[in-house]
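S.K.: model the following, please.
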Amino acid sequence: MRAYTREDAIHISIAAGVSIDEMETILPQHKIVRNMPNIAVSVQEGVMVMAANAHISDEDKETLDEIFNRIAAVAWVEEPLMKYAPSLTGSSPTYTFLMIEAMADKAVSAGFPRQQAYMLAAQAVVGAGKLVLETEAHPAVLKDQITTSGGSTIQGVMELENNGFRKSVIQAMEAINNANKK
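M.R.: Residues are numbered from 1 along each chain as shown. Predicted coordinates:
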């Protein structure tokens, strides 16, 4: 492979579980970036977690940011954190899809048309995410703005807690982390 590349080229890998150290055994002294995109890049709303080896300059990172920010929010992390990216950003849309599907199923059981139920549930998730991003408020602060004393929303939150909602999300992430050792 070394014979077919230039030393000044930036090599970007999306190979899951292949560390920068492993790539450097094939391409020593080359610029290497490890990139973990998620499925939402297909609609320009994704996330890309990236790590770079020592040969990547700040200018290289700026160039890559300029390219990839068109389709995703880019987050540069140290290589050891890459093993946690699948559970945080790569697989997490699946949890969201399950929640949207559950919300829509309940809405359909109440009489909403299926497509409308999906749209409403999905837009509620998009809006909640946008509130976190744009206000930079802690999610608990935003939750507290919606939950009123003795109100219906806090009753729903209590039911989620009684059924281990947070624990289930954390355990799902841990299962993914354990499956991705690199």
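S.K.: hey, let's count contacts and neighbours off CA atoms from now on
M.R.: OK.
S.K.: tell me the secondary structure at Ala137.
M.R.: Three-state assignment for Ala137 (DSSP: H, G, I helix; E, B strand; the rest coil): coil.
S.K.: next: the one 5 residues further on.
M.R.: Reduced to three states with three-state DSSP, the structure at Leu142 is helix.
S.K.: quick one, what contacts it?
M.R.: Val132 (C-alpha atoms under 8 Å, 6 or more residues apart in numbering).
S.K.: measure it to Gly111 for me?
M.R.: Per C-alpha to C-alpha, to the nearest Å, Leu142 is found 29 Å from Gly111.
S.K.: cool, His55 as well?
M.R.: Using C-alpha to C-alpha, one obtains 58 Å as the distance from His55 to Gly111.
S.K.: neighbour count: the two, which is higher?
M.R.: His55 (16 against 10; other C-alpha atoms under 10 Å).
S.K.: ok, the more buried one - contacts?
M.R.: Contacts for His55 (C-alpha under 8 Å, 6+ apart) come out as Gln29, His30, Lys31, Ile32.
S.K.: give the residue spans of the protein that score low on pLDDT.
M.R.: For the chain, applying pLDDT under 70 flags the ranges 1-3, 181-182.
S.K.: what's the domain layout of this structure?
M.R.: The chain breaks down into these structural domains: 2-82, 90-179 (assignment by automatic domain parsing).
S.K.: which one among the contacts of His55 gets closest to Val18?
M.R.: Set against Val18, the nearest of the contacts of His55 by C-alpha to C-alpha is Ile32 (11.8 Å).
S.K.: what about the residue nearest to His138 when sequence neighbours are not counted, distance to Arg6?
M.R.: Nearest non-adjacent residue to His138, counting by C-alpha to C-alpha, 6 or more residues apart in numbering: Val132, 7.1 Å away. Val132 is 42 Å from Arg6, where distance means C-alpha to C-alpha.
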